[in-house]
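S.K.: predicted model, plus sequence, below.
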Amino acid sequence: MSLTEGFTVTHRRYVPHSHAHYGGNLVDGAYGLGLFGDVATELLIRTDADEGLFAGYSNVEFVAPIQAGDVIEATATLVRVGTRSREIDFEARVVCRSAPHRGPSAADVVEPPIVVTRARGTVVAP
């Protein structure tokens with residue numbers, strides 16, 4: 001276990017077309033927040049040997065759209081350690097994006113990655 005500020009956990013996930021809710025294959029912003037919950041859970045398991053509970057967000061920024069066919073990378077970084085609370089910075093980035101103009105299964109690596117969502121949240125460990 002590592003209860004050190006700066007400790008980071010990253011997940012990657014493909015965004016399936018079944019999650020598109022809007023024109024242009026757009027996915028709702030809550031998709032990124034769901035990823036943040038998952039990556040925070042792993043961070044707490046690694047730091048506190050418990051899944052913990054999410055208490056809330058103090059800031060959320062939707063910076064760019066998430067689209068069906070994206071591969072999203074979500075990172076959680078521990079920024080403050082309290083007695084039971086942990087403050088975490090989150091960032092979600094598109095690392096691959098579909099390219100339907102080239103064909104139905106065409107896709108590209110996005111370099112540099114596109115930041116789509118940022119947030120700061122507080123979790124509680126027992």
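M.R.: That came in fine, so what should we check first?
S.K.: any idea how far stretch 44-57 is from the middle of the chain?
M.R.: Computed by Cα atoms, centre = their mean, to the nearest Å, the chain-centroid distance of stretch 44-57 equals 15 Å.
S.K.: select the longest strand from this protein.
M.R.: strand 107-124 (DSSP state E).
S.K.: roughly how far is that one from the heart of the chain?
M.R.: 6 Å.
S.K.: neighbouring strands for it, and are they parallel or not?
M.R.: Counting by DSSP bridges, the strands paired with strand 107-124 are strand 53-62 (antiparallel), strand 85-98 (antiparallel).
S.K.: need those strands in TSV (columns: distance to H11, mean pLDDT and mean neighbour count).
M.R.: C-beta: built from backbone N, CA, C; applies to glycine. Shown next, in TSV, are those (distance: least, Cβ to Cβ, whole Å; pLDDT from 0 to 100; neighbours: other Cβ atoms under 10 Å):
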stretch	distance to H11	mean pLDDT	mean neighbour count
strand 53-62	15	97	13
strand 85-98	10	97	20
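S.K.: redo those as TSV? Include distance to T10.
M.R.: Formatted as TSV, the strands paired with strand 107-124 follow (distance: least, Cβ to Cβ, whole Å):
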stretch	distance to T10
strand 53-62	18
strand 85-98	10
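S.K.: and those strands: which comes nearest S18?
M.R.: strand 85-98 (14.0 Å; Cβ to Cβ).
S.K.: just the CA coordinates of the closest one, formatted as PDB?
M.R.: Extracted C-alpha coordinates of strand 85-98, given in PDB (Å, rounded to 0.1, in the frame of the first residue of the first chain):
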ATOM      1  CA  SER A  85     -10.600  11.600   3.500                       C
ATOM      2  CA  ARG A  86      -8.600  11.500   0.300                       C
ATOM      3  CA  GLU A  87      -8.700  14.300  -2.300                       C
ATOM      4  CA  ILE A  88      -8.100  13.200  -5.900                       C
ATOM      5  CA  ASP A  89      -7.500  15.000  -9.200                       C
ATOM      6  CA  PHE A  90      -9.000  13.300 -12.200                       C
ATOM      7  CA  GLU A  91      -8.400  13.700 -15.900                       C
ATOM      8  CA  ALA A  92      -9.900  11.800 -18.900                       C
ATOM      9  CA  ARG A  93      -8.200  11.900 -22.300                       C
ATOM     10  CA  VAL A  94      -9.100  10.400 -25.700                       C
ATOM     11  CA  VAL A  95      -6.100   8.300 -26.800                       C
ATOM     12  CA  CYS A  96      -7.700   6.700 -29.900                       C
ATOM     13  CA  ARG A  97     -10.700   7.900 -32.000                       C
ATOM     14  CA  SER A  98     -12.700   6.200 -34.700                       C
END
